[in-house]
Structures are given as C-alpha cells and as structure tokens.
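Peer 1: everything below, folded, please.
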Amino acid sequence: MRRILVIGIGTGHPDHLTLEAVRAIGDAQVIFVPTKGEDKAELADVRRSMIAQHGAPDARLVDFAVPRRQTDGVGYRQGVDRWHAAIADIHEQLFLDHLADGETGAFLVWGDPMLYDSTLRILERVRDGGRVAFEVSVLPGITSIQLLAARHRIPINDIGQPVTITPARRLSDIFPETAQAAVVMLDGEEAFLAVEDEETEIFWGAYLGLPQEITIAGRLGAVRATIVAARAEARARHGWIMDIYLLRAPARELTAQR
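Peer 2: Numbers count the residues shown, from 1 in each chain. This is a model prediction of the structure:
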C-alpha cells in the first residue's frame, strides 16, 4: 500500500523543523511540492531548501499547481468545498501517476497540519474516492501561534483564562463579547480595524520565521495605523503576506455566578 506523510514544517525557519520531521523528509521517496504562482514562489523555495538539506538523494520532487478558490457568485463554504474537490482530484492523479504501490510520498505543510490547513481533509476525499489506496501518517509542526508568542515574549493566555483561535471573518462574532483573548488567523481584510476599544492590546506578526519577519505590539489606539501601513508596504514589496495576531481585551470584573 502507498504511504503518505503529512509533515508540519513550521513557519519557514529551517531550524524549526522537529527531529521527527527531518527523519520523515528523509524517508520520503516522492515529495509533492505545491506551487501558487510567481507571487508565492518563495514558499515553494523554502520547501525545496528543506528537501535539499534533509531529503534522500534519490527522492523525486513533483511540483503541482494549486488552483485558486472561486470567490465570486458562491458562498464561502460552497467555494471552499469546490476548491477542495478540485485539489483532491489533482492529488488522486498525482498518486496514480507518480507514487507506486509500496512507496512513501510526502507533503510538507506550512506550520502544523492540524491548524487551519486542509491537507488532511483533502486526503480523506481522495481516499473516499476509492481509486487509490493509501495510509496516512501525520507529523506535527511548530505553529505560527507558538512563534508569535515567542517573538513577543508573552504567554498566549492569561492566568486561568481561555484563548479562542478564530479566522478573521468570525472575529466580530466573538470578540470581545464572548472571548477576551483571540488569536486571529487568515485575515485578508484587517479585521482588527473593526475593534472599537482603543485599549485592546494587539500582538501582531507577519512572515514569522522568514528573513522578512515583522512584529508590532501595543494598544490598538497607538499601533493600529502602524500595522496597516506596515502590512501594505510588505504586501507591495513581496506580493503576498501571511500574518497572525493576538488580541486581548482590557481586563474587566467578572460577575460571580451562583
């Protein structure tokens, strides 16, 4: 049976690979490398540099283009479902064409495969299709959340308090009414601009783990404009941006529950 390794590679810094990930890269006979156009070629280059350092000398690299998600004329979940279906079809053909029965293939996943990444869902679709059989092993990686906290030298949570992890499109539903601390991911619209309380703390980071890493922290009232300007300048310079931030609402008295 074919074997698929889903390897978390952290946020791009070569020193953030776990020893388990290094061994797994070396075990793979075929490594599938996603490409997302010239503007994000750097992401594929980071993967290739890790493979060059840790991969087996005879490992075969197979590039594949990732289709763009349709956003016009469809709802969010429907668009994602169609997108995943298209990628699953590509994966299925990759396995049939490039991975023989008994061989080990690998995907190097940015950050951690279990946190806002769809590789495992897509592989499940491929397996459910029934045309190609394989088993999956998952190797966790360092997340952007961990690196964000490390760069700002802060704990993610306050003492005894929960933290919510949310995509930016859901931020206004939960913060600060039901979540006093929120880690915000996948923010293409600068959702923090809608937070009204200027005393809210923000710990922001972009390109974490890469040479162009940027971090900014402070009260929203003081650094909001600085983050917007830094974000725009970085996107214009590099053609893409990946960022993440932690929001903390000002402490408030909690009413005792009977």
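Peer 1: please parse the protein into its domains.
Peer 2: For the chain, whose domains are defined here by automatic domain parsing, the residue ranges read 2-142, 145-248.
Peer 1: can you redo those as CSV with mean pLDDT and mean neighbour count?
Peer 2: Every residue, glycine included, has its C-beta placed from N, CA and C. Formatted as CSV, those follow (pLDDT from 0 to 100; neighbours: other C-beta atoms under 10 Å):
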stretch, mean pLDDT, mean neighbour count
domain 2-142, 94, 17
domain 145-248, 95, 16
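Peer 1: assign Thr215 to helix, strand or coil.
Peer 2: Recorded secondary structure, Thr215: strand (DSSP: H, G, I helix; E, B strand; the rest coil).
Peer 1: look up the closest residue to it, ignoring the ones flanking it.
Peer 2: Gly205 (4.6 Å; C-beta to C-beta, 6 or more residues apart in numbering).
Peer 1: ditto for Arg231
Peer 2: Ile241 (6.3 Å).
Peer 1: ok, then the element right after the longest helix along the chain?
Peer 2: Criterion DSSP state H: the longest helix present in the chain is helix 76-98. Where DSSP states H and E defines the elements, the next helix or strand beyond helix 76-98 is strand 104-109.
Peer 1: any chance you could list what contacts that next one?
Peer 2: If you take C-beta atoms under 8 Å, 6 or more residues apart in numbering as the criterion, strand 104-109 is touched by 2-9, 24-25, 27-34, 47, 50-51, 95, 98-99, 117, 119, 134, 141.
Peer 1: so that strand versus helix 76-98, what angle?
Peer 2: For strand 104-109 against helix 76-98, the angle between stretch directions is 150 degrees (axes from the mean of the first three to the mean of the last three C-alpha atoms, to 10 degrees).
Peer 1: helices of the stretch 151-258 of the chain, residue ranges please.
Peer 2: 171-174, 220-238 (DSSP state H, counting those that start in this stretch).
Peer 1: what residues are bridge-paired with Glu135?
Peer 2: Beta bridges link Glu135 to Arg3, judged by DSSP bridges.
Peer 1: for Val46, which non-adjacent residue is spatially closest?
Peer 2: Using C-beta to C-beta, 6+ apart and skipping the chain neighbours, the partner closest in space to Val46 is Gly12 (5.0 Å).
Peer 1: residues contacting Asp27?
Peer 2: Contacts of Asp27 by C-beta under 8 Å, 6+ apart are Leu5, Ala56, Thr104, Ala106.
Peer 1: how close does it get to Phe203?
Peer 2: Going from Asp27 to Phe203 by C-beta to C-beta, to the nearest Å gives 37 Å.
Peer 1: what sits closest to Ile51 if chain neighbours are left out?
Peer 2: Per C-beta to C-beta, 6+ apart, closest to Ile51 is Ile31, 5.6 Å.
Peer 1: let me know the secondary structure of that neighbour.
Peer 2: On the three-state scheme (three-state DSSP), Ile31 is labelled strand.
Peer 1: ok, back up a step: I'd say the residue nearest to Val46 and Gly111 touch.
Peer 2: No. Using C-beta atoms under 8 Å, Gly12 is not in contact with Gly111, being 9.1 Å away.
Peer 1: His152 contacts Gly205, doesn't it?
Peer 2: Yes. Using C-beta under 8 Å, His152 and Gly205 qualify as a contacting pair, with a distance of 7.4 Å.
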